[in-house]
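Novice: Quick one: sequence plus predicted model below, questions after.
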Amino acid sequence: MMISQSKLVVLLVVGLLAPGWLWAETRQLVIAYENKEQPPYYMGDTYEVLPEYPGVAVEMVQLLETKISNISITLVRAPWGRCLSGLASNQYDGIFNASYLSDRLEIGWYPTLDGTHTGEVDSSKRITGIRYSLYRRADSSLSWDGEAFQGSAEALQSLGAPRGYSIVQDLKQRGLSVQEVPGTSNAMLMLLLGRLEGAVLQDVTADAFLSEADDRYQSILKEFPPVEDKDYFLMLSHGLVASDPELAQKIWRSLAEIREIYGEELRKKYEY
C-alpha cells in the first residue's frame, strides 16, 4: 500500500509534534564525590570509582539512571575542595555528600521545601544523616558536654577538623580556633603524634579507625554526646537547575524514593 504525498506530510507533521520524550536525547550528567573514604557511603581512599562495593551513597546516585529516563551519569572522585569549586564552575552537575551551609548557595542548589534557591532545605530529600563527634587524646583536658567545649587554653587551641567540611565553620562560629587538616586519617595520626589534642570528625569515618583490631588507637577516646547531627544532600549546579529545573526536582524526588526503598538493603551490604 502506497502512502499519498498529502498523507506523508501529515505523518511528518504529527511526528514533529509528538511528545518530547520520544525524541529526547540522553542528558549526560557528571557528578563528583570525595576521593577519601567515608564508610559506608563511599569506599576507598582513591580517585577511582570502585566497580564493586563503591559505597551506599554511590549506589544510590547510580540508581538514578533506573528511575529517570534519558539521563546517563558519570561519577568522578576528587578532593572535597575541588568538588566544591567544580560545582561552582559548572564543571560538575552535582556533588555529594554535602551538608547545608548558607555560603554554599553561591555555588549550587540544595533541595528545598518550596523549590526556590533560598528556601528551607527539604530534609526528606537527603541522602543520609551523619554525626560529628569529638575524638581526643586520653591525656587531654579537652571535653564536650553537649553544649560547649571545655579544657585548658592550650587544649582548646589544639582542636582539628577536616578542611573544607562544614563543621569547620560551625566550630569557628563558636569562637574556637580550628586547625584544618586534609582528612580524617590525617587527624587521627596527628592525635597519635600529639600534634592535636582533639578533632571533631564524622563518626562513620573515625569510628572505623577505633574499631581496628590492633591497639594503635587505644589512646584516642570518643566523647559523647555527638557535637552535631547533619543531613547530607546531593547538591546540583546552577547550570543544571537553570537549564532544566524540572529534571533537578525529579533527581531530588527520585533520590528520596531510592533512600526509602533501597537504603536499608544497601546498608546491609556494607555491614562487617
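Specialist: Everything's here; your move. Since we're looking at a predicted model, the values are computed, not measured.
Novice: what's downstream of the worst-scoring helix or strand of the chain on mean pLDDT, the next helix or strand?
Specialist: For the chain, counting by mean pLDDT, DSSP states H and E, helix 5-16 ranks last in confidence among helices and strands (a mean of 43). Next in sequence after helix 5-16, counting helices and strands by DSSP states H and E, comes strand 27-34.
Novice: Report all helices and strands that that next one contacts.
Specialist: helix 56-62, strand 71-78, helix 80-88, strand 94-99 (3 or more Cβ pairs under 8 Å, 6 or more residues apart in numbering; DSSP states H and E). For every residue, glycine as well, the C-beta is placed using N, CA and C.
Novice: By residue count, tell me the biggest helix in the chain.
Specialist: Ranked by number of residues, the top helix in the chain under DSSP state H is helix 245-269.
Novice: Who are the contact partners of Glu154?
Specialist: Glu197 (Cβ atoms under 8 Å, 6 or more residues apart in numbering).
Novice: Report the secondary structure state of it.
Specialist: Classification of Glu154 by DSSP: H, G, I helix; E, B strand; the rest coil places it in helix.
Novice: On the pLDDT front, check the residue nearest to the spatial centre of the chain for me.
Specialist: Closest residue to the average C-alpha location of the chain: Asn97 at 0.2 Å, with Cα atoms, centre = their mean. Predicted confidence (pLDDT) for Asn97: 97.
Novice: Could you do the one 5 residues further on as well?
Specialist: Model confidence at Ser102, expressed as pLDDT, equals 95.
Novice: Can you tell me how far it is from His117?
Specialist: 11 Å (Cβ to Cβ, to the nearest Å).
Novice: Looks like the residue nearest to the centre of the chain contacts Phe233 (just checking).
Specialist: Yes - counting by Cβ atoms under 8 Å, Phe233 is a contact partner of Asn97 at 7.3 Å.
Novice: Which neighbours do those two have in common?
Specialist: The contact sets of Asn97 and Phe233 overlap at Ile127 (Cβ under 8 Å, 6+ apart).
Novice: burial count for Leu105?
Specialist: For Leu105, the neighbour count with other Cβ atoms under 10 Å is 14.
Novice: now Thr66
Specialist: Look at Thr66: counted by other Cβ under 10 Å, it has 9 neighbours.
Novice: Ramachandran angles for it?
Specialist: When read as degrees, to the nearest 10, the backbone of Thr66 gives phi -90, psi -20.
Novice: Also Ile130?
Specialist: According to degrees, to the nearest 10, Ile130 has phi -130, psi 140.
Novice: thinking again about what came up before, hey, which of the helices and strands packed on strand 27-34 is tucked in deepest?
Specialist: Among those, the stretch with the highest mean neighbour count (mean count of other Cβ atoms under 10 Å) is strand 94-99, at a mean of 24.
Novice: residues making contact with the helix or strand just after it?
Specialist: Counting by DSSP H and E, the next helix or strand C-terminal to strand 94-99 is strand 108-109. Strand 108-109 is contacted by residues 87-88, 94-95, 117, 235-238, 241, 248 when judged by Cβ under 8 Å, 6+ apart.
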